[in-house]
Structure formats: C-alpha cells, structure tokens
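Participant: Here's my sequence, what's the structure:
(chains A and B)
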Number of protein chains: 2
Amino acid sequence: MKPFSNEIDYQCWLNYEHIKDQSLLNEYAKYLKNIVINENSYIIDSIKDEIYYSINKILGISPLINNYTNSNKFITISKIGKNNLVDSFLKDEEIIAIDEEGFLIKTVNSHDKKFIIVTSKSDNGLLYGTFYLIRTLQEKKLLDDLYVLENPKTPLRMINHWDNLNGNIERGYAGKSIFYRNYELVDNLDRIRDYARLLSSVGINAISLNNVNVGKEEARLIDDKIYIVETLYEIFKRYGIKVFLSVNFASPIMIGGLKTADPLNKEVNEWWKKRANFIYDHIPEFGGFLVKADSEDQPGPYSYNRNHADGANMLAEALAPHNGLIIWRAFVYNCYQDWRDQNTDRAKAAYETFIPLDGQFLDNVIIQIKNGPMDFQVREPVNPLFGGLKKTNQILELQITQEYTGQQKHLCYLVPQWKEVLDFDTYLFGEGTSVSEIISGVPFNSKKFGIAGVSNVGDDTNWTGHTLAQANLYGYGRLTWNPELKSSQITDEWIKCTFGNNSKLLENLSNMLQNSWTIYEKYTSPLGIGWMVNPGHHYGPNVDGYEYSRWGTYHRANHFGIGVDRTLKSGTGFTRLYQQPNFEMFEHLESCPEELLLFFHHVSYIYKLKNNKTLIQHIYDTHFEGVEDVQELINQWIELEGLIDNKRYQDVLSRLLEQKEHAKEWRDVINTYFYRKTMIYDEKCRKIYP
Amino acid sequence: MKPFSNEIDYQCWLNYEHIKDQSLLNEYAKYLKNIVINENSYIIDSIKDEIYYSINKILGISPLINNYTNSNKFITISKIGKNNLVDSFLKDEEIIAIDEEGFLIKTVNSHDKKFIIVTSKSDNGLLYGTFYLIRTLQEKKLLDDLYVLENPKTPLRMINHWDNLNGNIERGYAGKSIFYRNYELVDNLDRIRDYARLLSSVGINAISLNNVNVGKEEARLIDDKIYIVETLYEIFKRYGIKVFLSVNFASPIMIGGLKTADPLNKEVNEWWKKRANFIYDHIPEFGGFLVKADSEDQPGPYSYNRNHADGANMLAEALAPHNGLIIWRAFVYNCYQDWRDQNTDRAKAAYETFIPLDGQFLDNVIIQIKNGPMDFQVREPVNPLFGGLKKTNQILELQITQEYTGQQKHLCYLVPQWKEVLDFDTYLFGEGTSVSEIISGVPFNSKKFGIAGVSNVGDDTNWTGHTLAQANLYGYGRLTWNPELKSSQITDEWIKCTFGNNSKLLENLSNMLQNSWTIYEKYTSPLGIGWMVNPGHHYGPNVDGYEYSRWGTYHRANHFGIGVDRTLKSGTGFTRLYQQPNFEMFEHLESCPEELLLFFHHVSYIYKLKNNKTLIQHIYDTHFEGVEDVQELINQWIELEGLIDNKRYQDVLSRLLEQKEHAKEWRDVINTYFYRKTMIYDEKCRKIYP
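Facilitator: Numbering: from 1, shown residues only, chains lettered A, B, ... in the order given. All right, here's what the predicted structure looks like:
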C-alpha cells in the first residue's frame, strides 16, 4: 500500500513521521520487527497493509508479518479464539468486557517472551486496535506496560456525503467530490482507499455516499448506475465501513415508471422490495437508505396524505429481510413561512412532526436529528427531540463541513461545540440522560443508535481546504467512538499525529484550535440568534439576509431590542418542548444561558448581562475582541514558523490572514447595523462606521 | 408576408384589426384599392409587403400595387425625383423641409384625381411614412385632408440587445433570445423579421445584436461566427435598421492570439483594422461597435494605463474608413467600493471619467450615457454628464426591460419616466438645453447623436412577458422619433393600434398605464433612494440588500434619518456636477424636488415635507396607497372584460393579481423595516408588522 499522494498535507493524521530519537527507535523496533497475524480476510489485509506501511515510515524498518514467530518480542494481532497463545493470556472477564467492535491491547510478560496482544471479537475491532497501537507510536508512548480495553460507546458511527454525481458537493469547501466526476466514478480509486483509511483509523463504520438531495442522476444509483456503488463498496468494506445511499422518496416515479410513490400503495411497496433485492444482489452487506423527505422541496409521504411513519416503515419493510436500515431525517419544516407570522416557529417543527409518531416506527428505522432545532448555526440549543423521543431509534446529525462556521476559510474547530451538544442533559429518563447517553442506545437497549456527520472533505490535496480543518474530521471520528473524550485530549492527539510532538507547537496550536469556535462566534451573530449571513451561499455577514424571507429564520431586531421570544409565557412556546428543569432554565431570562439569550428571548439592548454590560455593549465588545483574537491566532501561528513544514505553514497563514480581513467585515457590518438601529454609542469610543 | 404567429398578443401594435364600420371601410377602400409604387429596393419590398398585408387585414381587400394606375383615387409611395406626378405636386419649401429620413404625406386634389402622396428622400423615410399612413387607418382617421411632414428629431434611434449566444438574455423577463439558441441562430427567422417590422414601424434605425458583456463565444461574432451576423443583417436591412455588435475590448487576446489589447500597441491597431475590413467584407453597411469597457469587470484601456479616449479612438480609427461608429458606454465606476467609505460616490463616476476627455474623442465615437448617474432605478436625477460634455457625441441610454421596475410582472409604463429625463433642462448652453435637445445633435451640429434602449423582448408569444409591457417598446420607439411627443398621445396611439378604439378601453387603459410608474414607485423604495432590492436578480424588496456591499449603492438609514448627502456643503459634492441653476436646486433641501430628496440629502424621519407630512409618515402612506392603487389597476382592468380578447385579458389579469401580492410584500417589508428602525407609529394606525 502506498498513499495516492506524497504531499505532507495529504497524509492528515496518518502522517507517520519518522522517529529521530534512536533509543525510542530501538525500543520500538524490539516489538515491531515481528508481527504475528494468523488470520485472513479483506479487513485483515488492510491491517497488514497499514501496520507494514506505518512501521516502515515511523521506524524505517520492514517488519516481518507471519503466522508465527521465533522472536521473544513481537506483536500479535488476532481475534479471540483464533490464536492459542493469545487466548491463553486472556481472562474471562476481559473476554466478556470486550464488545463486538471493541478491542484489547496489552503487553504480556511470560517466561522468556514479552509481547503485545491486539485482540477483538471482530475484524473491525482488530482494525481499530491496530490503529490505536499505531497512534501509540505516533504519540511516542512506551509499549512495555500497555493495557487498553476500549469499546465504541456509539454503535453507528457514520459519515454523510453531500456529493452529487456531477462532482459538485453541496456545502463543500475543499474542491470537488473525491468520488464522482461527470456522473461517473473518478479514476483515482487509491484516494478513496486513503479516505477509508482515515475514517476507519478513528472508528467510522458507516458512510452514505451521495447527497441527501437526490437528483435524477443520483436516483439511478439504485438502478443502472449501481456499478458505481459496487466499486465504492469494495473499497470501504476493506476498512469495515458499511455503505449507505441517499434515496429519493419519489424513486418509484423517477426511475420506476410508476405514477405514484404513495407508501401505502401496493405497487409501490412491491417496487421497493424488488429494488432492495436488486441492491443486495449486488451489495450483500449494503447498509441501507438515508432519506430526506418532505423537506426543502424534496418529495415525501405528505404528498399522499401519509405521515413519516408510513413513509419510513414502507421502506423499512423492503430492507428488513436484508437487515438494512432506514435512516430518516427529522429535518422537516415549512420552508414557505411568512416572515409576518410570529406564531409559527421553525424550531418546533421537528419535535411537532416526530413526537406524535414516537413508537410507530419499525425497529430498523432510525430518526436522524440535527444537533440543534434550526440548522447548524454557530450556536443553538440542543434539539428538544432528543429528550422527547422515548421509543424511537435515534442518530445525532452534526455538520463537519463548515457551512455556517467559516467555510474552511475561517479556523473554527468544532469539537468544543459538539462536546456541548453531547454533554447536554436532556433529563429524558431523569437526570443523567445526556445526548451521548441517548445515542449510545444503552437506555433503549438497542444498537440502532449513533451519530452521523456531514463530511468536510473534497479533492483539495489536503482534503479539507483549510489544513487545520482536518482536526474537525479527526475530532468528529474520535467523538463517535467515545463522546466522553475531552476536547483537549482529542486536540493533543491530532496535533501529535499530524504535526509532531514539539511542545511549543502543542501549546500554540492547541490554544488556537480550542479557542477558535468562541472567536468565530464573537465576531459573527451574537448570543445564539444566528442567520445573519448572506442567503444562498451563507458566507459573510448580512444581518437582514434571512429576516424577511420564507425560511423561518428571524432575529426580530428593532430599535429597542432583538431576539425571538420562544417562551411559553409570551412567545412561541418552544421552551416547553424541553424536559424539566431545562424548560424552566430556558424559559426565564435570568436562568437562560447567556450564550443562547437571543435564541429564547427578545431582549432590550440596554438589558444588563451578568457581567454588568448592556447587551449592546456586549455586541460591540465581542465584535472588536473577535478581530483582536484573530490577530492573536495569527501571532500564535507565526511563532510556529520553522516548527512545521513550509507548505502547511503558508497554507494556514494565508487563510488566517484572509480570516482576519473577513472578521473585520463581520465586525463592521454587525456593529454598524446595531449602531444605526439603536444610535447607542460604544462606551469605549472605538470606530463604528456611521 | 405572413407573421410567424397568428396569436393576437403576438401582433402587438401591428395588430391590423378589421374595420367593421362599413362607411369608413368604403371611404378607405377608395384610396387603398390602388397603390402606386414605381421603385425597387429591398426596403421598397418591405413597404409593399406591409401595405399589402395591412390593407388586407384592415379592409379585407387585396390592393393592386403597380407602377401606374388609371384610377382617380389612389396612394402613391415614391421618393422625391422618382415619380413625375408626385414631384409636380411638391413645393420647393417642402422638399427642403424634409430631412434625409423624414417623410411627407399629403392628400392631393387635382382635376379628376384625388390621391395621397407618401414621399421622402430615402427608402427609410418612405418606410416610416408608410407605417405612419397605416397607423392613420388603425386610428380610424379620415384621409381626405392629410398633411403630415415629419422628420425624426433624433438621428440614431437604437435598440440594444443583451442577448447571449446560448439563448439567455441578461435582464430578460420574456423568455429566451429571439435570435440565438445553443450558440447558433434560431431556426425561426420569420419571427426576427416580425421584430424588424415592429421596430421600423416606430422609427428604430439601429440595433446592437449581443450583450454588452461579451463572452468568449460572442467574441467570435466578429470572427468565424460572423455568418450569424450576416443573416441578421439581411433581415434588418430590409427594414432600414443598421446592425451593430458589442465587442470585447480584449478581443485581440481572446480571438486574435495577441498578448495584449493595449490601444496604443501597433499590432493591436493592425489587428482591429484587419478585423474591420473582414467585417465590412461580409456586412457592407455594418453600423459599428458598442463597447462596455473597464466596467463591472469587463476589460478596457485601464488595464494598460490608457484612458477611455485612447481606447475608443483606437477602435474608431479602425472603423472610420468604413464609416463605422464606436458607441462607448459611460457606465464606468468602481464596483469594489468599501461600504465604509462615505466619500467615494458612484454617482460621480461617469462624470469624473469622461469630462476630462471632452473634446478628445474622434468624430465617429459616441458616448452612450445612462439616463441617471446610478443604474436604471425607479427614480434618479438626470446624469450630469448630460450638461457636462460640450464637445463629444452623445447617446442617451434607457432601459426598456424592467430590471428594477417590476421585471414585467408588475405593470410599469416607463414613458412618463423617460419624458422627465428628456424634458430635463441641463442648461448646457444656457436655458433650454434639454436632454432631448442634446441628443438631437442640433446644438452640436452633428448627426452622431441619439438614443438607445435596452430591449425588453424575448421569445414569449407576446414578446414582452407582460402584454402591457409592449407599450414600453412602442413608447420608446415613438420617443426616439420625437422626444417631444406627449405621453398621453403615445399611450392613446398604442392602445388604439393594439386593442382598438373603444372609449372605455381608452380611458381605463390609459389611466392604468399613465399612473403605473408612480404606483410602482409608491410601494418600492422611497424618494429617489433606490437599491432596496434583492441583490443579483433585483426582484423584490430587500432594504439592506445593497447596503453593505461593494457596489456603491447605499441608503445610510439609521434610527434618525435616511438618504445620501450628496451636497457640496456637507456631502460628496455630486450636486456641483450640475449646471446652474440645477446645482442650487439640488443642493438645498428646500428646493430639491421631493421625489429625489433622499438621493441628494440625508433627511430626518420627522422632517416635514411640503404637504406637511413627516418623511416617515410619507413612507408609510405611500406604501399603503401603492397597494390600494394596484387594486384600483385591477378594478379598472376588470371593467374591460369582454372589450378585449380573453387571452390578453386573462394574461394581464393574472399578472396584476401577482403584482398585488408582491406589492403587499414590498409594503410590509419597507414599512416594517422603517418601523423597527424608528419605532414611530403610523398616524393612521394601519397594520405594520412589528
């Protein structure tokens, strides 16, 4: 195996940097010269490829990979029950503790031998264990006393691609699709394999291959264009990743020649069943369908006066005999709202659509729920559907691609944002039912739970446009495996694997990443109000851009105040969708978290925040600070010159400089907008353009 | 000749309605049975076609068209000096009074004969005279005592097409191009001939065939795609219309393979000269080039540190040997302005660019100047370049297509707007130098003056999308011929020729048309400020849509007031670009015409207008009134049911209903925007959404 490109930024965190410390090299070489692998499968082949390649790069030696070794120091990688030596060192409680996809790594001292076991109950587990072991080397940790037992905390760990067959990516900011070009597969399959390596190295086990907005050409992926999916399936299965497809609910009409797609129509049911048989004939381990129905002009069951349970269950029945899943998006709302209507609240839409159907979905249906009730804004409360659904399988949907968070031109590390979502206590089954807990499936005793993230990769050499945006993909993957990981740990891991272990580098880059979301939030829309962006492409400031539109996205700013009153007492009643005590917390101005103040309340500009600043002064201050903070990011990055390769240094520097100019634009537009509206001066007399 | 389509709305004002009044029919038939035409040319052929076709339709008889007639009542159409009978009845002073393109129509009583002379010094003049005579029939006027001597008051009477070769029309609202499809000519040449008939019937004598933004494909029109232009030329020349092409200033690079387009480079000069020879080899009567240079990212002389005189003169030298013209657009401004910069004023750009070059342009260069200093807003002052240039040929550019005036979904009859522009006294050579006067060329003793209008036609059956928008094309043409015509006369003519002579119809429709611009202005952006539209497509309200942008288009609204201070005393000094007394008039709040108040001044919302209303109350009132007025348009139209054919009735009705809904959207967005900003209540307590 050889990565498609030698460019340093292409390797991401699988950038197996050669170790220069001779004593560490010697120490590692003892174990790593000999690898025992006595099984065969396509995933095992990938393991062999990766271990051979990584040891070559990190240590500069070619390990021997065999069924057996005479050496007294070695590493053995095998499933439980497949290697007597390994089995003899496993305790019963260890075997019980390892879940299907989990793994155990431990260093064994025995007579003359000292060796490292990597074991699991599945090939996937072995793969994850192997990548864990390689990361241990990248982090330059010692091997003499390893003991790691890890199980993924989330069953479904998924990536969603919004790639179209023509090669464009909806909300893609890093070039064209790595999969498609001109309605066919790209030539470059090695790059797709490298992508699979990146994903499986952080534990991803599922991928949807095409945009949730499914066009005419994409609909053919479950028909005469299935050969494209087959090829991708062959690549991803070697890395334990199941492939899914987004389908158009109207497929029976689009490609089936039927006159209806009514989910209760017999012909339609038959058509989908035949379609499922056809798919599984070609792709025996096909994962299932992802469906955006009755959403933003996509067709769905509403066209036939059916509900979403009717729609999802019909598809679920077709895939059930093959163990396929239906992942059904909860992103359903009226996108033809009248801005004059202050009663309708888009934030309530998913809850109101799906709560009445709780318990009506078949077991192989999963509802995929965006983290917030709106749409991937810089700051939103957690979607109250988490905390509402009690009898329905659920997946959390995050957006790795930075649609509203700087489009990979701005640095915005999203792990801290995601952590807040995951840690939020919904109180669904009393205190302690965090979003993490829900998506683990444990409270529901089900494996059909998980997490999905919208991909941020394209065919730019560095995959993500902004090199530091690679950290979002890494961090996303790590959180799918273990939502309880600390942001700081993930960040450190990523820096070490991507750039190396220099302490200045770790300090500065970790600071930069950890603060970047807050910085971005400071100079963009304030206190959870969102949507102050240019319509359509969503880049750059436009305070009224979505104010008089049909999208249900309003800030209601007037001369006296701003914000949407979503309280039960005087507003839309959205707060009531939360369990107690969250309802009370959001309902009252005093207890509402200030970073979400304007999401829940209409607030006077002279309202005093907890820090004793007025709201308007807070807006001015954060916007000036935001730009200063970006300068600080630049300063910290400049200190790293020479500590990292020039290519990545210059790439990031140029983006940071662009970010600063654009942050000024944000600052000035927002400040001027509110100054013109309120005519309240900045207390500190800084420049606000009149 | 047979029009391409029989549909009633396709015929426009050449809808030769059959006369039902038998006595009038008899009266007309006496003259019209016999037509004497004793010349031949391709324009004469068109005259014969049109007279034969129109008499057939209007009278239901087929006239005899011959060199000679024995009848004692007839019509004779011939140039001066071509028919002895005609010549013998022309007085010397008449012959002198008729200009090159003018015509004389008079009824002659002689012995036993009574006949009508249509004569001219040119084929074009005969064509215009013929159409005039036909219109006399459409208006049901008697022929016994005709005496009409008309000369066009404007030498160049031009239509600009913004059609692209792919078939799209920039700012087109009536379908695709009638010329091009998929980078070739359309199949349907008859339709193009019908278009030529429409144009020449109102006196148009020049047309530019492609968009001023000239792409790669369009650049080839002066190269290997010239066959397309040849075919169009063959059609238009039969109607006395000269063809022009828009060219890209960088053509030497784009299609010539040169490395520069520097106007002072010898190779570039040679290239253009050869190109000119090539064009005139194919199109002997080619009109010349229209050029958008250094404007909105189009290339131009600035790229080579040359000025616009250098650029235009270089092209002019290439065309001069062939009597070709260079029409050079004055629409030059910085489209990368910083909204924070309040000193730069886009309104000054054309003046500041071209005044220093006054007198430096060659005689075959004409500067084409938009009516206002910005860009075709609902209301703008006249461009001060008219009234500035003293030694330069000038064309007035109007926009017939309704980019900012309702996109042919709203009824907006532009003749009243254009009349205000034409009647505006620039005081260039003292009192009485109106824009009409300037573009007549008389004060400059030059024929290289005129008027150009951006076409509003596409391949919709009715040409203009909104059937009543046909009136804008008609009115435009009539004003090019005679800018002093009254709006009411043009309107009446158009109604009679298009719909007939019913008095109710005349009353209502004339009211609707004449008031429509004011109505549109009422519910859109107030008092000359403009630009409160959605960026890009320019349809629908968006108060801040162009406020924080790079286009130099700002309203500067804050809590206290709105408007751009363009005074010399405290603003950008734009007012000073006008001659006295216009400068003084615009400079002072008290004397500034109120409809332009916010264009010239930043005004408090509580400023009292002359009617004693505050500015904010004026905004509220006009916006409520505007919607009511649209309802009145609908009421007036509904009264016409049965008086016109159902097709056109329903078409217009559906657009009026759409206009009303959209007028409400305008009303509510504008009112809410200003209410939120000022928090001043509507005195009349009408519904303003909070």
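
Participant: The most centrally placed residue in chain A and A:Ile369: what is the separation?
Facilitator: The residue lying closest to the centre of chain A (C-alpha atoms, centre = their mean) is A:Gly453, at 3.0 Å. For A:Gly453, the distance to A:Ile369 equals 13 Å [C-beta to C-beta, to the nearest Å]. Where C-beta positions appear, they are placed from N, C-alpha and C, glycine not excepted.

Participant: looking at this, A:Pro416 is in a helix?
Facilitator: Yes: judged by DSSP: H, G, I helix; E, B strand; the rest coil, A:Pro416 forms part of a helix.

Participant: Now do it, the pLDDT please.
Facilitator: A:Pro416 carries a pLDDT value of 98.

Participant: My read is that it contacts A:Gln514, right?
Facilitator: Yes: using C-beta atoms under 8 Å, A:Pro416 is in contact with A:Gln514, at 6.5 Å.

Participant: quick one on the thing from earlier: which neighbours do A:Gly453 and A:Ile369 share?
Facilitator: A:Glu397 (C-beta atoms under 8 Å, 6 or more residues apart in numbering or on different chains).

Participant: What segments of the stretch 301-450 of chain A are helices?
Facilitator: Along the stretch 301-450 of chain A, counting by DSSP state H, counting those that start in this stretch, helices occupy A:308-319, A:349-354, A:415-423, A:435-440.

Participant: Same list (these) but as CSV, adding mean neighbour count and distance to chain B.
Facilitator: Formatted as CSV, those follow (neighbours: other C-beta atoms under 10 Å in any protein chain shown; distance: least, C-beta to the nearest C-beta, whole Å):
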stretch, mean neighbour count, distance to chain B
helix A:308-319, 24, 31
helix A:349-354, 21, 21
helix A:415-423, 22, 27
helix A:435-440, 24, 35
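
Participant: nearest to B:Val212, of those helices?
Facilitator: For B:Val212, the closest of the helices of the stretch 301-450 of chain A is helix A:349-354, at 45.9 Å, according to C-beta to C-beta.

Participant: Any buried residues in the helix ranked longest in chain A, and which?
Facilitator: Longest among the helix segments of chain A by residue count, using DSSP state H, is helix A:646-678. The neighbour-count check on helix A:646-678 (16 or more other C-beta atoms under 10 Å in any protein chain shown) flags A:648-649, A:651-653, A:655-656, A:659-660, A:662-678 as buried.

Participant: same question, stretch A:500-520
Facilitator: Applying 16+ other C-beta under 10 Å to stretch A:500-520 flags A:501, A:505-506, A:508-510, A:512-513, A:515-520 as buried.

Participant: of those, closest to chain B?
Facilitator: A:Tyr520 (19.1 Å; C-beta to the nearest C-beta).

Participant: tell me the mean pLDDT over the strand or helix carrying that closest one?
Facilitator: When elements are assigned from DSSP states H and E, A:Tyr520 belongs to helix A:503-523. For helix A:503-523, mean pLDDT is 98.

Participant: Repeat that for stretch A:425-437.
Facilitator: For stretch A:425-437, mean pLDDT is 97.

Participant: how long is it end to end?
Facilitator: End-to-end span of stretch A:425-437 (C-alpha to C-alpha, to the nearest Å): 9 Å.

Participant: State the number of residues packed around the residue in the stretch 351-500 of chain A positioned nearest to chain B.
Facilitator: Nearest to chain B, among the residues of the stretch 351-500 of chain A, is A:Lys409, at 17.7 Å (C-beta to the nearest C-beta). For A:Lys409, the count of nearby residues is 18 (other C-beta atoms under 10 Å in any protein chain shown).

Participant: coming back round to it: where do the contact lists of A:Pro416 and A:Gln514 overlap?
Facilitator: Common neighbours of A:Pro416 and A:Gln514 (criterion: C-beta under 8 Å, 6+ apart): A:Ser487.

Participant: who are the neighbours in contact with the residue of the stretch 351-500 of chain A closest to chain B?
Facilitator: A:173, A:465-466, A:539, A:655, A:658-659, A:662.

Participant: Throw those into CSV and include distance to chain B and pLDDT, thanks.
Facilitator: Converted to CSV, the contacts of A:Lys409 look like this (distance: C-beta to the nearest C-beta, whole Å; pLDDT from 0 to 100):
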residue, distance to chain B, pLDDT
A:Tyr173, 21, 98
A:Gly465, 24, 98
A:His466, 24, 98
A:Tyr539, 13, 97
A:Arg655, 21, 98
A:Glu658, 16, 98
A:Gln659, 18, 98
A:His662, 13, 98
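
Participant: Give me the three-state assignment for A:Ile105.
Facilitator: Assigned by three-state DSSP, the conformation of A:Ile105 is strand.

Participant: Excluding residues flanking it in the chain, which one is nearest it?
Facilitator: Distances taken as C-beta to C-beta, 6 or more residues apart in numbering or on different chains place A:Val148 nearest to A:Ile105, at 4.4 Å, with adjacent residues excluded.

Participant: mind checking which helix or strand that neighbour is in?
Facilitator: strand A:147-150.

Participant: Which strands border that strand, and is each parallel or antiparallel?
Facilitator: Applying DSSP bridges, strand A:147-150 is found paired with strand A:103-110 (antiparallel).

Participant: OK, contacts around A:Phe624?
Facilitator: By C-beta under 8 Å, 6+ apart, the neighbours of A:Phe624 are A:667, A:671, A:684, A:686.

Participant: Apply 7 Å and report the result again.
Facilitator: Taking C-beta atoms under 7 Å, 6 or more residues apart in numbering or on different chains, we find A:Phe624 in contact with A:667, A:686.

Participant: Now do it against chain B, distance only.
Facilitator: 15 Å (C-beta to the nearest C-beta, to the nearest Å).

Participant: Can you verify that residue is assigned to a helix?
Facilitator: Yes: applying three-state DSSP, one finds A:Phe624 inside a helix.

Participant: what's the neighbour count on the spatially closest residue to A:Ala293 that is not a sequence neighbour?
Facilitator: Nearest residue to A:Ala293 in three dimensions, chain neighbours excluded: A:Gly300, at 3.1 Å (C-beta to C-beta, 6+ apart). Using other C-beta under 10 Å, the number of residues around A:Gly300 comes to 23.

Participant: What mean pLDDT does stretch A:114-132 get?
Facilitator: Rounded mean pLDDT across stretch A:114-132 is 97.

Participant: coming back round to it: quick check: the residue nearest to A:Ile105 vs B:Ile178, distance?
Facilitator: Distance of A:Val148 to B:Ile178, given as C-beta to C-beta: 74 Å.

Participant: which non-adjacent residue is nearest the closest residue to chain B within the stretch 201-350 of chain A?
Facilitator: Of all residues in the stretch 201-350 of chain A, the one sitting closest to chain B is A:Arg340 (4.4 Å; C-beta to the nearest C-beta). Residue nearest to A:Arg340 in three dimensions, not counting chain neighbours: B:Tyr689, with 4.4 Å by C-beta to C-beta, 6+ apart.

Participant: Over to that neighbour. Which of the three states is it?
Facilitator: When classified by three-state DSSP, B:Tyr689 comes out as coil.

Participant: if I pick it, what's in contact with it?
Facilitator: Contacts of B:Tyr689 (C-beta under 7 Å, 6+ apart): A:340, B:668, B:672.

Participant: and what of A:Thr392?
Facilitator: Each residue near A:Thr392 by C-beta under 7 Å, 6+ apart is listed here: A:358-359, A:361, A:367.

Participant: Tell me the buried residues within those.
Facilitator: For the contacts of A:Thr392, buried by 16+ other C-beta under 10 Å: A:361, A:367.

Participant: Strands - which of the contacts of A:Thr392 land there?
Facilitator: Among the contacts of A:Thr392, the ones falling in strands (DSSP state E) are A:Ile367.

Participant: Identify the farthest-apart pair in the contacts of A:Thr392.
Facilitator: Farthest pair in the contacts of A:Thr392 (C-beta to C-beta) is A:Gly359 and A:Ile367. Separation: 11.9 Å.
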